[in-house]
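Colleague: Pasted the sequence and its predicted model underneath.
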Amino acid sequence: MALIKTVNGKTPQTGENCYLAENATITGDVVMGNDCSVWFQAVIRGDVHYIRMGNKVNIQDGAVVHCTYQKSPTNIGNNVSVGHNAIVHGCTIKDNVLVGMGAIVMDDVVVESNTIIAAGSVVLQGTHVEGGCVYAGIPAKKVKELSPELLEGEINRIAESYLMYSGWYK
């Protein structure tokens, strides 16, 4: 069972049909929807502000989701994949988003729906990421429009795959 810790009287809450890896850590004011998965060595720390996650969110191996004390909570929409070793910190990520492996999304960023943040990218504090696009680089910039093939072949495929993978571990 994952390490689930109450902090300042707030205990993480999970929806139905969620998978939490044995060495995942979830603390404090965290609420996740249904069909979510939190993978090996991932950390979701709602100790200094709240974290809200929608349905069908996967937080992959080694990823960190955190926030900024009394300033920037973290809100993650539905059908979102946070790739291996990514950092999502004090930001808002809307629906149908892929945050690539090793990417960093900083405080007060808003990532609109139907977006890919490419692997290794750094989205600087306060950036407004346009929906329907791919952002890449350091600092992350819009590199192209998101095609229907990328939406279905990457964002939806990965979210569906992680729902399937989690079933293997239950």
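Modeller: That came through, no problem. Numbering: from 1, shown residues only.

Colleague: Identify the residues contacting the nearest residue to residue 55 once chain neighbours are set aside.
Modeller: Leaving out its chain neighbours, the residue that sits closest to residue 55 by Cβ to Cβ, 6 or more residues apart in numbering is residue 33, at 3.8 Å. Where you see a C-beta, it was placed from the backbone N, CA and C, and this is true even at glycine. Contact analysis of residue 33 by Cβ atoms under 8 Å, 6 or more residues apart in numbering lists 15, 53, 54, 55, 56, 57, 78.

Colleague: max-length helix in the protein?
Modeller: In terms of residue count, the longest helix belonging to the chain (DSSP state H) is helix 157-169.

Colleague: Kindly export it (C-alpha atoms) in CSV.
Modeller: Presented in CSV, the C-alpha positions along helix 157-169 are these (Å, rounded to 0.1, in the frame of the first residue of the first chain):
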residue,chain,number,x,y,z
ARG,A,157,-3.5,6.6,-26.0
ILE,A,158,-1.3,7.2,-23.0
ALA,A,159,-4.1,7.9,-20.6
GLU,A,160,-6.0,4.8,-21.7
SER,A,161,-2.8,2.7,-21.6
TYR,A,162,-2.2,3.7,-17.9
LEU,A,163,-5.7,2.8,-17.0
MET,A,164,-5.0,-0.6,-18.5
TYR,A,165,-1.6,-0.9,-16.9
SER,A,166,-3.1,-0.1,-13.5
GLY,A,167,-5.5,-3.0,-13.9
TRP,A,168,-2.5,-5.4,-14.1
TYR,A,169,-1.4,-4.4,-10.6
